[in-house]
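[1] A structural model of the following input is requested.
(2 chains)
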Amino acid sequence: MSVENAEVAAIFSEMADLLEIEGANPFRVRAYRNAAQMVRRKPQRFADLVKENADLEALPTIGEDLAEKIAEIVATGHMSALDDLKREVPSELVDLAALPGLGPKRVKVLYDQLGVRGLKDLRRVVESGEIGTLRGFGPKLTESLAVALRDTPSKAEKRFLLADVEGEADTLADYLREAPGVESVTIAGSFRRRRETVGDLDVLVVAEDGEAVSAHFVAFEKVAKTLWAGTTKVSVVLRSGLQVDLRVVPRESFGAALLYFTGSKAHTIALRNMAVERKWKLNEYGLFSGDDRIAGKSEDEIYGKFGLELIPPELREDRGEIAAARKGTLPNLIHQSDIRGDLHAHTDWSDGTATLEQMAEAAQERGYAYLAITDHSPHLGVVHGLDAERLTKQIVEIDRINKRLDGFTLLKAVEVDILKDGTLDLPDDILERLDIVVASIHSAFDLPRDAQTERMLRAIDHPLVTVIGHPTGRRIGKRGPYAIDMERVIGAAAKAGCCLEINSQPDRLDLDDGTIKAAKDAGVKLVISTDAHGTEMLELIRHGVDQARRGWVEARDVVNTRPLADLWKLLKR
DNA sequence: GCCGTTTTCGGCCCGACTGTTTTCAGTCG
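    This next block holds a predicted model:
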């Protein structure tokens, strides 16, 4: 039995959902939710921690009881407390509570008084009108449930790639700036924290007249549906399916509102708890001592009252950033301008669209000092991979082009496939002639975890491999990472001096933020690359930089922030 | 169920909006 952290987290989450419907102490519910979140993003596997007899109670959100429950789940794959609860509360009720207008309390009433156990039952009592006999269920709610039941094939928490909503967000912000009396428009939420996906857009508008802004907003041509509209708070769904929540705030509250709507929820709750400790109150209007507003105009001012440095939005996940801000040890996060070159790019020699010269020119125009040409190796037939012979020709061609270039260098490189057994798809004698060897997995994603890990470790230990490309193979929203022990991969990479790539493709962003931080902490050298297949894709580097910032990365942690002369030294192993 | 500059009990973030109410509960973020 090998239990993944995600399974432990799912059990805790379900426990929280069912306890909530049962009407349990809300703080007990929250304890399970907090624990689920902590477990989900812990890089080490709890299965391993239990095996090593680690002190689970030392972890935040875990006390005596939950430590025992984790041990039970790791040992059996089940949590008996949940199994027991499921006998009393049908787990399908959780789906009901996800419907708009229904929460745990109303679901409980439906179950207790009308025996509603699932969507089918709900449809029955809505259609028969029986639901209207319950206290608290009036005609409006009945109607909105009827609509929800018609509309759903569960549009449940669809998330959008950050890169996919940027255009729409810009258009919307520009439109809102035209509303009467608007001083500023800022997109907060996970968008501002630069999360890889966003569930909705949180838009903050500074204006005196909320009503005018609200009216202007709901008239936006891309609004498909208005969910609710007040004078300071409006929520709509755009035609793309993206939900947008808008809040209008006065100027003197801007900092507090920005802090609140940027989140994350865990981060703002941690700050509010700090306020409570000081007998203050923090809300979206300001930081208050009694009735006195003691801060609120800017985020900087509020953090300052707590004795904290300003925490960059990318770090606001309650992963230790508050303690670091107190000690003055926040990282000096990397900027896009720190990047001196790109170490993963394709040309029309394999599956790219641009020539060597075009790619070189585009990179040079970006102000880069170097660009590594990493066309594919032969194993993947569909991409016209280069065999040793064609790669030799490309080396000659790159040498020829480099002679003409001034202050810029094309690096001779390859993206070589890591075969199923961990060997490489090209012989050593050709790899030796290259400046950089990026090794990646493009096949056999379904190997068992141990085999996949061994395969990767073998590539990392190959002395000619400089970088592991998109190390987990995930495609966000399409496929998860292959089963692999990233802790061992990180350890091996640190020991071997092999770099790990942060791939900037918006649907890869591989490594993810948590793994990036773990790699950085282990002393792994990182590379931020675009995997560009055309000149226009070199621009995607900003997404990789955003992801790196979420992983607490500084410029010095990233190899391709160095000038070429230093790059050589760093890549040597 | 966790946690402690309020330490082993008694707290636990805060407010807007809606619908169904006649003073407020539930939901949502």
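[2] contacts and neighbour counts: CA atoms only from here.
    Noted.
[3] ok, and for the helix or strand where A:D450 lies, which residues are buried?
    Element membership for A:D450 (DSSP states H and E) is helix A:449-461. Taking 16 or more other C-alpha atoms under 10 Å as the basis for neighbour counts, the residues of helix A:449-461 that come out buried are A:A451, A:Q452, A:T453, A:E454, A:R455, A:M456, A:L457, A:A459, A:I460, A:D461.
[4] where does chain A have low pLDDT?
    Scanning chain A for pLDDT under 70 picks out the ranges A:1, A:151-157, A:381-382.
[5] Could you list the residues of the stretch 101-250 of chain A in contact with DNA strand B?
    Where proximity means C-alpha under 7 Å from any atom of the strand, the interface of the stretch 101-250 of chain A facing DNA strand B comprises A:101-107, A:135-142, A:202, A:228-234, A:245.
[6] Now that we have these, which of them are buried?
    A:102-104, A:106-107, A:141-142, A:202, A:229, A:232-234, A:245.
[7] wait, which of those residues is closest to A:I490?
    Taking C-alpha to C-alpha as the measure, A:I490 lies nearest A:D202 of these, at 35.5 Å.
[8] Setting aside sequence neighbours, what's the nearest residue to the closest residue to DNA strand B within the stretch 101-250 of chain A?
    Per C-alpha to the nearest atom of the strand, the residue of the stretch 101-250 of chain A with the smallest distance to DNA strand B is A:G138, at 2.3 Å. The shortest distance from A:G138 to any residue other than its chain neighbours is 5.8 Å, reached at A:G132 (C-alpha to C-alpha, 6 or more residues apart in numbering).
[9] Now do the same contact list for that neighbour.
    A:G138, A:P139, A:T142 (C-alpha atoms under 8 Å, 6 or more residues apart in numbering).
[10] Tell me which stretches of the stretch 351-500 of chain A form strands.
    For the stretch 351-500 of chain A, the strands defined by DSSP state E, counting those that start in this stretch cover A:370-373, A:409-417, A:436-440, A:467-468, A:499-503.
[11] Also the stretch 201-350 of chain A?
    Taking DSSP E, counting those that start in this stretch as the criterion, the stretch 201-350 of chain A carries its strands at A:223-229, A:233-238, A:243-249, A:281-283, A:286-289, A:292-295, A:341-345.
[12] Just say which of these is most tucked in.
    strand A:341-345 (a mean of 27; mean count of other C-alpha atoms under 10 Å).
[13] contacts for that strand?
    The contact list for strand A:341-345 (C-alpha under 8 Å, 6+ apart) reads A:363, A:368-375, A:415, A:438, A:527-533, A:538, A:560-561.
[14] on that earlier part again, helices and strands around the helix holding A:D450, which ones?
    The criterion is 3 or more C-alpha pairs under 8 Å, 6 or more residues apart in numbering; DSSP states H and E, and the helices and strands that helix A:449-461 contacts are helix A:486-496.
[15] so how far is the helix it packs on from its chain's centroid?
    What separates the centre of helix A:486-496 from the centre of its chain is 22 Å, taken as C-alpha atoms, centre = their mean, to the nearest Å.
[16] tell me which residues of it are tucked away?
    By neighbour count, and taking 16+ other C-alpha under 10 Å as the criterion, the buried residues in helix A:486-496 are A:M486, A:E487, A:V489, A:I490, A:G491, A:A492, A:A493, A:A494, A:A496.
[17] So for the last one, what's the nearest residue that isn't a sequence neighbour?
    Just to be clear, that refers to A:A496. Ranked by C-alpha to C-alpha, 6+ apart and with sequence neighbours excluded, the top spatial neighbour of A:A496 is A:D461, at 6.4 Å.
[18] Put the alpha carbons of the helix holding A:D450 into PDB.
    These are the backbone C-alpha positions of helix A:449-461, laid out as PDB (Å, rounded to 0.1, in the frame of the first residue of the first chain):
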ATOM      1  CA  ARG A 449       6.800   5.100  -9.700                       C
ATOM      2  CA  ASP A 450       9.900   3.300  -8.800                       C
ATOM      3  CA  ALA A 451      10.800   2.500 -12.400                       C
ATOM      4  CA  GLN A 452      10.100   6.100 -13.500                       C
ATOM      5  CA  THR A 453      12.200   7.500 -10.700                       C
ATOM      6  CA  GLU A 454      15.100   5.100 -11.500                       C
ATOM      7  CA  ARG A 455      14.900   6.100 -15.200                       C
ATOM      8  CA  MET A 456      15.100   9.800 -14.200                       C
ATOM      9  CA  LEU A 457      18.000   9.200 -11.700                       C
ATOM     10  CA  ARG A 458      20.000   7.400 -14.400                       C
ATOM     11  CA  ALA A 459      19.700  10.400 -16.700                       C
ATOM     12  CA  ILE A 460      20.700  12.800 -13.900                       C
ATOM     13  CA  ASP A 461      23.700  10.700 -13.100                       C
END
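[19] Which residues outside that helix are in contact with it?
    Identification of contacts with helix A:449-461 by C-alpha under 8 Å, 6+ apart yields A:418-424, A:439, A:465, A:468, A:482-486, A:488-489, A:492-493, A:496, A:498.
[20] what's the answer for stretch A:285-298, then?
    Under the criterion C-alpha under 8 Å, 6+ apart, residues A:249, A:251-257, A:275, A:279-282, A:301-302, A:305 lie in contact with stretch A:285-298.
[21] My guess is A:L308 contacts A:R326. True?
    Yes: shown here, A:L308 and A:R326 form a contact pair, counting by C-alpha atoms under 8 Å, at 4.9 Å.
[22] Of the two, give the one with the bigger neighbour count.
    Set side by side, A:L308 and A:R326 give different neighbour counts by other C-alpha atoms under 10 Å, the larger being at A:L308 (20 against 16).
[23] With DNA strand B as the reference, measure out to that one.
    As for A:L308, its distance to DNA strand B is 15 Å (criterion: C-alpha to the nearest atom of the strand, to the nearest Å).
[24] Now for that residue: which residues touch it?
    Counting by C-alpha under 8 Å, 6+ apart, A:L308 touches A:I322, A:A325, A:R326, A:G328.
[25] of those residues, buried ones?
    A:I322, A:A325, A:R326.
[26] Got a PyMOL select line for the buried ones in the contacts of helix A:449-461?
    The following PyMOL command selects only the buried members of these, with burial defined by 16+ other C-alpha under 10 Å:
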select buried, chain A and resi 418+419+420+422+424+439+465+468+482+483+484+485+486+489+492+493+496+498
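[27] For the residue of the stretch 101-250 of chain A closest to DNA strand B, grab phi and psi.
    The main-chain torsion angles of A:G138 are listed as degrees, to the nearest 10 and equal phi -90, psi -170.
[28] likewise the one 5 residues further on?
    The main-chain torsion angles of A:E143 are listed as degrees, to the nearest 10 and equal phi -60, psi -40.
[29] ok, now which ones touch it?
    Remark: with contacts taken as C-alpha under 8 Å, 6+ apart, A:E143 is in contact with nothing.
[30] Quick check: beta-bridge partners of the closest residue to A:D245 other than its chain neighbours?
    In space, not counting the residues next to it along the chain, A:D245 is nearest to A:S235; the distance is 4.4 Å by C-alpha to C-alpha, 6+ apart. The partner list for A:S235 in beta bridges (DSSP bridges) reads A:W228, A:D245.
[31] Check the gap between A:S235 and A:A188 for me.
    The spacing between A:S235 and A:A188, counted by C-alpha to C-alpha, to the nearest Å, is 14 Å.
[32] same deal with A:L238?
    The value you get for A:L238 to A:A188, if C-alpha to C-alpha is used, is 17 Å.
[33] if we take the contacts of A:L308, which one ends up nearest to DNA strand B?
    Distances from DNA strand B to those, taken as C-alpha to the nearest atom of the strand, are shortest for A:R326 (12.3 Å).
[34] could the buried residues of helix A:486-496 be laid out in CSV, adding distance to DNA strand B?
    What follows is the buried residues of helix A:486-496, written out as CSV (distance: C-alpha to the nearest atom of the strand, whole Å):
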residue, distance to DNA strand B
A:M486, 26
A:E487, 24
A:V489, 29
A:I490, 27
A:G491, 28
A:A492, 32
A:A493, 32
A:A494, 31
A:A496, 36
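[35] Would you reformat those as JSON lines and include distance to A:V198?
    Rendered in JSON lines, the data for the buried residues of helix A:486-496 read as follows (distance: C-alpha to C-alpha, whole Å):
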{"residue": "A:M486", "distance to A:V198": "25"}
{"residue": "A:E487", "distance to A:V198": "27"}
{"residue": "A:V489", "distance to A:V198": "29"}
{"residue": "A:I490", "distance to A:V198": "28"}
{"residue": "A:G491", "distance to A:V198": "31"}
{"residue": "A:A492", "distance to A:V198": "33"}
{"residue": "A:A493", "distance to A:V198": "31"}
{"residue": "A:A494", "distance to A:V198": "32"}
{"residue": "A:A496", "distance to A:V198": "36"}
